[in-house]
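**Q** pasting the sequence and the predicted coordinates here, then a few questions.
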Amino acid sequence: MEGALTARDKVGVQDFVLLDAYTSESAFVDNLRKRFNENLIYTYIGTLLVSVNPYQELGIYTVSQMELYQGVNFFELPPHVYAIADNAYRMMCSELNNHFILISGESGAGKTEASKKILQYFAVTCPMTQSLQIARDRLLLSNPVLEAFGNARTLRNDNSSRFGKYMDIQFDFQGIPVGGHIISYLIEKSRVVYQNQGERNFHIFYQLLAGGEEERLAFLGLERDPQLYKYLSQGHCAKESSINDKNDWKTVSNAFSVIDFTEADLENLFGIIASVLHLGNIGFEEDDQGCATIPDTHEIKWIAKLLGVHPADLLEALTHRKIEAKTEEVICPLTLELSVYARDAMAKAVYGRTFTWLVNKINSSLVNKDFTRKTVIGLLDIYGFEVFDKNGFEQFCINYCNEKLQQLLIERTLKAEQAEYEMEGIEWEPIKYFNNKIICDLVEERHKGIISILDEECIRPGPATDLSFLEKLEEKVGKHAHFETRKLAGPKGRKRIGWMEFRLLHYAGEVTYCTKGFLEKNNDLLYRHLKEVLCKSKNVILRECFLRAELENRRRPPTVGTQFKNSLSSLLEILISKEPSYIRCIKPNDRKEPSKFDDFLIRHQIKYLGLMEHLRVRRAGFAYRRKYEHFLQRYKSLCPDTWPHWHGPPAEGVERLINYMGYKPEEYKLGKTKIFIRFPRTLFATEDALEFCKHQLVARIQATYKSCLGRREYVKKRQAAIKLEAHWRGALARKAIQRRKWAVRIIRKFIKGFISRNKPLCPDNEEFIVFVRKNYILNLRYHLPKTVLDKSWLRPPGILENASDLLRKMCVRNLVQKYCRGITAERKAMMQQKVVTSEIFRGRKDGYTESLNQPFANSRINEGDINPKVLQLISHEKIQYGVPVIKYDRKGFKARQRQLILTQKAAYVVELAKIKQKIEYSALKGVSTSNLRDGILVIHVSPEDKQKGDAVLQCGHMFEAVTKLVMLVKKENIVNVVQGSLQFFISPGKEGTIVFDTGPEEQIYKNKNGQLTVVSVRRKS
C-alpha cells in the first residue's frame, strides 16, 4: 500500500486514514473522486472497505487476480474485495474462530455483486474435494434462486434485493467449504400486490412467463403476456430491455436441479406463483346491500385447482369474514374494500411464507451431515440507510436495523483499537464519539419505544388509526431529544413536517416518516377464514407454510415490527460472536452511467453510511501502524546503519532508522511488535524520501553494472571495428569511384541537352527537356493564382510558352467558373443593383466609395412595422421596398418622420395609418440629389398630374433607396446629381430652393431667404 503514496496527488490515498484533513467531508469526496476517475473503485478506512459501483466491467475479477490476493498480507496489495475475503479466511483458518463480512449500501450500490464476488473467491481459492463439489455448487447457485424470488427492478436498480440476507459458509478444519445456512429478513411483501411507476414485481413472475415451457404454462393457466396480470402491470415496465427474463429462467431452472428440488416441489412451487397472479385478476363488484361479490369465478377455479382447495370455500373466504364468539361462529359479508384487502393479504401471506419455505429448502440442501466442529464466515447483505421523499414503515424498519449495525460497528472498531493498543503496551486514550444507543432505545425499548407503542395501538380495543398512533407517540416520547412532529417542532421545522409525519434524528441525520399505513403493515393480518382454507390445501408447500396448529392457537400473532426486532436481536447475537469485516457500497450516480461521479449523491451516502464517523474513530489515535519487520524491510535504505542489512533485533533497527530520519517524539510510538505513526504527513515524508533514495540507489547500481558491461563490450567492439574499418574503407572507395563515373555521365548529358534545347526532340536533348517540363509543372502547382483578380503566373521556359498559355487560360476559366457557381441568386440581384448604383453615382456623389462595402437589403421596414390600415389600402400592390425617411414640408421645411414604401406601380409617403402622398411612376419626372454626403433626395412629379408637389426627403440609405426606385420606375436618366442648389416644385407657379453646402458639422435649417439649407461634412479622401 505504501508504494502507491507517491502517486497520491493523482490517484488519492488507498486508505482514508492517511488523509491529513480526515475530518473534512470535501477531502473525503475528493479522494474518492480521484480514485474513481482512475477506475480504482476500492478504498480502505483501516480494515473497512469502501466500494464504488463502476457500472462497467473493469477486468479486476479474473482468476489471476484471485490468485494474486491469495495468502497475501492485507495491506500489501491495493484495496480489493478479494483482500477482505482472503483476510477473513486466513484469520479463520489460523485462529479457528468465526468471522462475518457485513455488506451494506443503497439499492444499486453493488451489495449483491460484492457478495457474489466473495462467494466466487472462496469457490476458486479454497481447497476442494470431489465429494464437496456439490456443496460448493449449491452454495453458489442458491444466489440466482433467491434473487429470482427476492429481487426486483426498482427505480434505482434493475436487480434490487428486496430482503435482507445473512449467509453462513461452513468450513471444516482444513478450510474446505462443506455447507451453509441462510437467514432472510423482512421481505418486501407489499411489492407482490403493488409497484410504483417504473418498477416491477419480483423477477420470478416475469421469468416464468417468458421462459416457462408451453406445457407448464398451460397447466398453470397462464399466458406469456405479463400485461394481462394486474400484479405485474402496475409499474408499466413489465418488459425491460436491460433484463433478459428468458435467459434468467434457464439459470434458475438449472439452479433448481442442482439444489435438489424434485419435480413435485417445482410443480407445487410454481402452482403457488401462478395462483398469486390469478389472485390479482379477481374482480369484485358491489351488490345492492353494499356487499362484495365475484361475478366471474374463472380465476377462482384456477386458484382452487393450483392450491388444492375447494372453489366454494375460497369464494366464501374472499367475500365473507368469520367472527368467533364464545360459543358460536358468525359469518358476515365483506364490503368491496375489505374484500380487496383480503385478496391482497392472501397474496402477500402466500408469497411471504413460500419465500420462507424456499430459504428453508435451500438450507436443507446446504446442511452438512458431518457434525464435527465447523468454523464459519458469514455474509450479511443487507439494505443500507434509506431516505426517500416519502418514508414509510419499511424505511423505519430498515433504518432501525442500520442504527443497530452502526452501533455494533463503532463498538467493535473501538474494541479492536483498544485491544491492539493494550497488546502493544501503548496507553489508551478514550475517544469521544456519538453513541447512538439513545436512538436504538427510542425505537426498541420495552413499553416505551416506538415499536412497543405501535404494537399497543394495533391491539387496543376501539378504532385505532395512524393518526391516533402519532398522537400516542407525541404523548409518550414527545420529550425525547431525537423525536419531532409538526406539533412539537419549532416554527422553522414545522414547515417541513406533515400532519401525519414524525421525524427521527438518526446517527446519519434527520429522516421524516409518514405514519400512513404503519398500523396496517405492522398488523399484516390474514383473516381466519382464509387461513382455514389455506390450511386445508392439498399443495404440499402450503400445508407446510399454514399449519393447522396455527388455527388452534388463539393468541394474536406477533406484529411485523416485533418480529423484525426479535430477528434483528438474534442477528446481532450471531454477529457479536464473530470477528467482523465491513464493506460499504456506494453508487456514483442514479443513472447507472460509467465514469459519472455525482458529488451530491456521494455526500448523501457518505453521511448515511456513517463513513466520516467511522474514519474519525479510526483516526482518533494513530493513522499508520506496521510490524517492525515490514517497516524495516521497506525503509532500511534510508539509513546508512540499516542498509543494506540489519543484523540486530527489528525493533532496534526501526528505532535507529527513525532517529536518523528525525522523527519527533509526538509523531510516533513504539509498541512491542509494531511502530505507530500518528500523522499521515510523517508517513508521506518517509515515502517521498524512499522514492528519492530509490532513484539514487538505482542510478548507482545502474552505473556500476553499465561500467562493467561497457568495458567488456568495448574490447570486443574495438577488435571488430579494426577489421570492419579495413573492409569498409575499401568498399567505400569502390563505391565512390562508381558514383563519380555515374555523375560525370549525367552532367555531360545535361550540358548537351542544354546546348541543344531549342532543336527538335532528339536523344541529345530528350532527357533535359523532360526534366525541364517536369520541374516547371511541379513548381507551377505552388504558384497558381487563388482568385480571378490575381494576375500572377510563373514564368515558363521558352520551350513551354505555348503550354503555359493554355494552362493559364484553363486555370482562369476554372476560377471564373468556381466564382460564378458560388454566387447565390440573392447576391446576383444585389450585385446588379450595385451596378445600377455605380452607373448613377460613381464619381458624382461623395460617400459612394464607402457604400460599396455595405450590402443592400430587400427592405429596411418589416411588414409588421407598417400600419395594417396602410397595408389594407395598398393590398392590391406588392411591396417591393420600404425605408424610414424624414420628409420636409414644401413650405415651412418642418421635418416629419415618414415611411417611403415602393410598390410595383407607385411610391407612397406614409404617416402612421395615412398615405400622405402617392407618386405613381408614370407621373414621376425625376429624382434629384446633391453631390455631397447628405441623404437628401427630391422626387420630382409632373405638375399636370395634380400631385401635391415634389417630395423632399432625407434617407439614411439614400444610395439603396434611389437605386431601388430607379429599377422600379424603369426610366433612363431620371437621377440628377446637382451641385450648389436645386429647384423643386411646390405648387403651380411656385418653386422652392434647396442650398447644399459644407461645414464643420451636419445640419439642415431654413435660411433667412426662406430656402432650405443642407450642410454636410466633407471628408478628406
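**A** Here it is on my side, so go on. Numbering: from 1, shown residues only.
**Q** stretch 44-62: which residues count as buried?
**A** For stretch 44-62, a neighbour-count test (16 or more other CB atoms under 10 Å) marks 44-55, 60-61 as buried. In this view, the C-beta of every residue, glycine as well, is placed from N, C-alpha and C.
**Q** and that stretch, average pLDDT?
**A** Summarised as a single mean, pLDDT over stretch 44-62 is 89.
**Q** what's the span of it from first residue to last?
**A** With CA to CA, to the nearest Å applied, stretch 44-62 spans 21 Å between its terminal residues.
**Q** same question for stretch 484-494.
**A** End-to-end distance of stretch 484-494 (CA to CA): 9 Å.
**Q** who's in contact with it?
**A** The contact list for stretch 484-494 (CB atoms under 8 Å, 6 or more residues apart in numbering) reads 470, 473-474, 478, 497-499, 501-505.
**Q** among these, which are in helices?
**A** Using DSSP state H, 470, 473-474 are the members of those that sit in helices.
**Q** alpha carbons only: can I get stretch 407-426 in CSV?
**A** Taking only C-alpha atoms (Å, rounded to 0.1, in the frame of the first residue of the first chain), the coordinates of stretch 407-426 have been written out as CSV:
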residue,chain,number,x,y,z
GLN,A,407,-23.7,0.8,17.0
LEU,A,408,-22.1,-2.6,16.5
LEU,A,409,-19.6,-1.2,14.0
ILE,A,410,-18.4,1.6,16.2
GLU,A,411,-18.2,-0.5,19.4
ARG,A,412,-16.3,-3.3,17.6
THR,A,413,-13.9,-0.8,16.0
LEU,A,414,-13.3,0.9,19.3
LYS,A,415,-12.9,-2.5,21.0
ALA,A,416,-10.4,-3.7,18.3
GLU,A,417,-8.4,-0.4,18.6
GLN,A,418,-8.3,-0.7,22.4
ALA,A,419,-7.2,-4.3,22.2
GLU,A,420,-4.4,-3.5,19.8
TYR,A,421,-3.1,-0.7,22.0
GLU,A,422,-3.2,-2.8,25.1
MET,A,423,-1.4,-5.7,23.3
GLU,A,424,1.3,-3.3,22.1
GLY,A,425,1.7,-1.7,25.5
ILE,A,426,0.6,1.8,24.4
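**Q** identify the residues contacting that stretch?
**A** Contact with stretch 407-426 is made by 46, 102, 427-428, 431, 433, 435-437, 440, 572, 575-576, 580, 582, 610, 613-614, 617-618, 620-621, 625, 669, 671-674, 676, as judged by CB under 8 Å, 6+ apart.
**Q** tell me the buried residues in it?
**A** 407-410, 412-414, 417, 420-421, 424, 426.
**Q** could you dump the ones in helices among the contacts of stretch 484-494 into CSV and include distance to residue 181 and pLDDT?
**A** Formatted as CSV, the ones in helices among the contacts of stretch 484-494 follow (distance: CB to CB, whole Å; pLDDT from 0 to 100):
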residue, distance to residue 181, pLDDT
470, 40, 87
473, 38, 88
474, 43, 87
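**Q** and the gap between the closest residue in space to residue 100 that isn't next to it in sequence and residue 351?
**A** In space, residue 100 comes closest to residue 378 once its chain neighbours are excluded; the distance is 3.5 Å by CB to CB, 6 or more residues apart in numbering. Noted for residue 378: a distance of 26 Å to residue 351, by CB to CB, to the nearest Å.
**Q** residue 465 against residue 520, yeah?
**A** No - with contact taken as CB atoms under 8 Å, residue 465 and residue 520 are classed as non-touching, separated by 10.2 Å.
**Q** related to what we said a few turns ago, ramachandran coordinates for the residue nearest to residue 100?
**A** Listed backbone geometry of residue 378 is phi -90, psi 140, with angles given as degrees, to the nearest 10.
**Q** got it, and residue 310?
**A** Dihedral angles of residue 310 (phi, psi; degrees, to the nearest 10) stand at phi -80, psi 130.
**Q** how near is it to residue 532?
**A** 11 Å.
**Q** leaving out chain neighbours, which residue sits closest to residue 207?
**A** Excluding its sequence neighbours, the residue lying closest to residue 207 (CB to CB, 6+ apart) is residue 249, at 4.1 Å.
**Q** pretty sure the one you found is in a helix, no?
**A** Yes - when DSSP: H, G, I helix; E, B strand; the rest coil is applied, residue 249 is found to be in a helix.
**Q** so what's it up against?
**A** The neighbourhood of residue 249, defined by CB under 8 Å, 6+ apart, consists of 207-208, 210-212.
**Q** OK, contacts around residue 852?
**A** Residue 852 makes contact with residue 834 under the criterion CB under 8 Å, 6+ apart.
**Q** any figure for the gap between it and residue 1002?
**A** According to CB to CB, residue 852 stands 22 Å off from residue 1002.
**Q** so which elements touch the strand or helix carrying residue 730?
**A** Assignment of secondary structure by DSSP states H and E places residue 730 within helix 680-755. In terms of contacts (3 or more CB pairs under 8 Å, 6 or more residues apart in numbering; DSSP states H and E), helix 680-755 is packed against helix 628-635, helix 766-780.
**Q** ok so, going back, okay, the buried residues of stretch 407-426 in TSV with secondary structure next?
**A** As requested, those are exported to TSV (three-state DSSP):
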residue	secondary structure
407	helix
408	helix
409	helix
410	helix
412	helix
413	helix
414	helix
417	helix
420	helix
421	helix
424	helix
426	coil
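**Q** and the least confident of these?
**A** Per-residue pLDDT puts residue 414 lowest of the buried residues of stretch 407-426, at 68.
**Q** quick one on the thing from earlier: out of the contacts of stretch 407-426, which are buried?
**A** Members of these classed as buried by 16+ other CB under 10 Å are 46, 102, 431, 433, 436, 440, 575, 580, 582, 610, 613-614, 617-618, 621, 625, 669, 671, 674, 676.
**Q** how about the contacts made by residue 191?
**A** With contacts defined as CB under 8 Å, 6+ apart, the neighbours of residue 191 are 152, 162, 199, 201-202.
**Q** from the residues you listed, pick the one nearest residue 662.
**A** Within the contacts of residue 191, proximity to residue 662 (CB to CB) peaks at residue 162, which comes in at 57.7 Å.
**Q** before we move on, could you check phi and psi at residue 585?
**A** Dihedral angles for residue 585 - degrees, to the nearest 10 - are phi -100, psi 140.
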